[in-house]
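Colleague: predicted model follows, preceded by the sequence.
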Amino acid sequence: MTRKTYRFREYVITPDTRPEAEPHTYAMTCTACHTVGPRSEDMDEAHNWAVQHLKANPAHLTYREHITRPYRAVPGEWL
């Protein structure tokens, strides 16, 4: 009969800052009409879309920003 031993490990979820990590991305949503602007790695590009949308739709005054940041699980202590 074979015996098996299992060990558990703590993990920490942390922002992924490795060079190969996915980039942060940004997008804006108009909360008046629920139109979503383009997703971009450049925050200013996402914000510029909101300004252009406001110019075209003067009554659309509220927006929501969506930021996507990569995270990863980092192994810690064995329990």
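Modeller: Cool, got the structure.
Colleague: quick check: the most centrally placed residue in the chain vs Tyr11, distance?
Modeller: With distances taken as Cα atoms, centre = their mean, the chain has Thr68 as the residue nearest its mean C-alpha position (1.1 Å). Note on Thr68: its distance to Tyr11, by Cβ to Cβ, to the nearest Å, is 21 Å. C-beta here means a position set from N, CA and C on the backbone, and glycine is covered the same way.
Colleague: now do Ala27
Modeller: 29 Å.
Colleague: likewise for Pro38?
Modeller: Pro38 sits 34 Å away from Tyr11 when distances are taken as Cβ to Cβ.
Colleague: one more: Thr29?
Modeller: 32 Å.
Colleague: give me the more crowded residue out of the two.
Modeller: Thr29 (17 against 12; other Cβ atoms under 10 Å).
Colleague: name the helix or strand for that one, please.
Modeller: strand 25-30 (DSSP states H and E).
Colleague: the next helix or strand after that strand - contacts with which helices or strands?
Modeller: Downstream of strand 25-30, the first helix or strand assigned by DSSP H and E is helix 43-56. The helices and strands touching helix 43-56, judged by 3 or more Cβ pairs under 8 Å, 6 or more residues apart in numbering; DSSP states H and E, are strand 25-30, strand 63-68.
Colleague: ok, which of these comes nearest Thr5?
Modeller: strand 63-68 (39.4 Å; Cβ to Cβ).
Colleague: hmm, back to that, and the contacts of the strand holding Thr29?
Modeller: 35-43, 45-47, 49-50, 53, 57, 60, 62-68 (Cβ atoms under 8 Å, 6 or more residues apart in numbering).
Colleague: go again using 10 Å as the cut-off
Modeller: 35-51, 53-54, 57, 60-70 (Cβ atoms under 10 Å, 6 or more residues apart in numbering).
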